[in-house]
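Asks: Predicted structure and sequence below. I'll ask about it afterward.
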Amino acid sequence: MPSIRADAPYLPWRDPCEATRLLRYALHRQGFTHTYQSNGSGMSVLSVLTDLTVWCKSGLFVWSEAGRETSHPAGDPVGAARLISRHHRSPARGAPSGERTGPRGHSSPPTRSARD
C-alpha cells in the first residue's frame, strides 16, 4: 500500500469522488439540476441526463458524445461542465433573448444554491 506524506497537498482530481462532486456543482450552475452520483472502487460516476453518464477514473472525466468517447482532465471540472453543456444544450424555442435555458433547451429558473 502506498504511503501518503503528511505534507502532501490535497489534489481533488486524485480523488474521483471529490472531482465528480466538483463537476456536479459546476453542472448545477449550468442548469443540470437533477444529477445522481455514485462512488466506489477508485472511480466515480455521475448520471446527468438519460443519455449522458460521466465517469471519473485515472484523472479523467470520460463520457460519450455522438457515439464517440470524450475525455477531459479531472483537474478542470468547470471546463468539463462547459464542454458537456455545449453538446447537451440547445436554445429553447421561443425563449426570450438572454433567458437562461436548461439542458436540452428546457427553460429552468435560477437556482437558490449558496454555490451559485
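Replies: Nice, thanks for sending it over.
Asks: Quick check: end-to-end length of stretch 69-80?
Replies: 13 Å (Cα to Cα, to the nearest Å).
Asks: Residues contacting it, please?
Replies: With contacts defined as Cβ atoms under 8 Å, 6 or more residues apart in numbering, stretch 69-80 is touched by 11-13, 16, 19, 22-23, 25-26, 54, 56, 59-64, 83. C-beta: built from backbone N, CA, C; applies to glycine.
Asks: Looking at the residues you listed, which are in strands?
Replies: Filtering these for membership in strands, criterion DSSP state E, returns 54, 56, 60-64.
Asks: Show me what counts as buried in stretch 62-77.
Replies: For stretch 62-77, a neighbour-count test (16 or more other Cβ atoms under 10 Å) marks 62-63, 70, 72, 74-77 as buried.
Asks: now the strands for this structure?
Replies: Under DSSP E, the chain gives strands at 36-40, 43-49, 52-57, 60-65, 68-73.
Asks: Which positions within the shortest one qualify as buried?
Replies: Which is strand 36-40. Buried-residue list, strand 36-40, by 16+ other Cβ under 10 Å: 37, 39.
Asks: Tell me which other helices or strands that strand touches.
Replies: Applying 3 or more Cβ pairs under 8 Å, 6 or more residues apart in numbering; DSSP states H and E, one finds that strand 36-40 contacts helix 16-29, strand 43-49.
Asks: winner for burial among these?
Replies: Burial of the helices and strands packed on strand 36-40 is given as mean neighbour count (mean count of other Cβ atoms under 10 Å); helix 16-29 ranks first at a mean of 21.
Asks: Next, the angle from that one to strand 68-73.
Replies: Between helix 16-29 and strand 68-73, the angle comes out at 100 degrees (axes from the mean of the first three to the mean of the last three Cα atoms, to 10 degrees).
Asks: who does helix 16-29 touch, helix- and strand-wise?
Replies: Packed next to helix 16-29, using 3+ Cβ pairs under 8 Å, 6+ apart, are strand 36-40, strand 43-49, strand 52-57, strand 60-65, helix 77-87.
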